[in-house]
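K.L.:
got a predicted structure here, sequence first:
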Amino acid sequence: MDGDLVKIFKAIGNERRFLIMNHLFGARELSVGQISELIDLSFRSTSKHLSVLVNSGLIKSKQVSFNKIYFINPKIPKDISKFFQS
């Protein structure tokens, strides 16, 4: 459990990834392109940040046609999700 929490806090400890989480909580589902526009970062750099979030277990993805869509993992700890809910 402690290892999981360390991964989570390392993932959201980055400002861009924290922004991504905020946007995903607000929008529910976003594509890489949409996220890169929202956080003003290249597609490639955004994809790297998304990979960190996926590997931490905070978000998940699904393939829809030619787009990869990202969304909040519904099983993240409630204490973590409180940071992102307004």
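P.N.:
Good, I have the coordinates.

K.L.:
residues touching the lowest-mean-pLDDT helix or strand in the chain, excluding its own?
P.N.:
Within the chain, no helix or strand scores below helix 78-81, which has a mean of 80 by mean pLDDT, DSSP states H and E. Contact with helix 78-81 is made by 8, 12, 25, 58, 72, as judged by C-beta atoms under 8 Å, 6 or more residues apart in numbering. C-betas here are computed from N, CA, C, even on glycine.

K.L.:
what about 7 Å?
P.N.:
residue 8 (C-beta atoms under 7 Å, 6 or more residues apart in numbering).

K.L.:
got the CA positions of that helix in CSV?
P.N.:
Extracted in CSV, the C-alpha atoms of helix 78-81 (Å, rounded to 0.1, in the frame of the first residue of the first chain):
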residue,chain,number,x,y,z
LYS,A,78,-11.3,8.9,-1.8
ASP,A,79,-8.7,10.9,0.1
ILE,A,80,-6.8,11.6,-3.1
SER,A,81,-9.9,12.5,-5.1
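
K.L.:
how about that helix: buried residues?
P.N.:
With burial defined by 16 or more other C-beta atoms under 10 Å, the residues of helix 78-81 counted as buried are residue 80.

K.L.:
and for stretch 43-58?
P.N.:
For stretch 43-58, by 16+ other C-beta under 10 Å, it's 46, 49-50, 52-53, 56-58.

K.L.:
need the max-distance pair from those.
P.N.:
Within the buried residues of stretch 43-58, two members stand farthest from each other by C-beta to C-beta: 46 and 57, at 18.9 Å.

K.L.:
in the protein, which spans are helices?
P.N.:
2-12, 15-27, 32-38, 43-56, 78-81 (DSSP state H).
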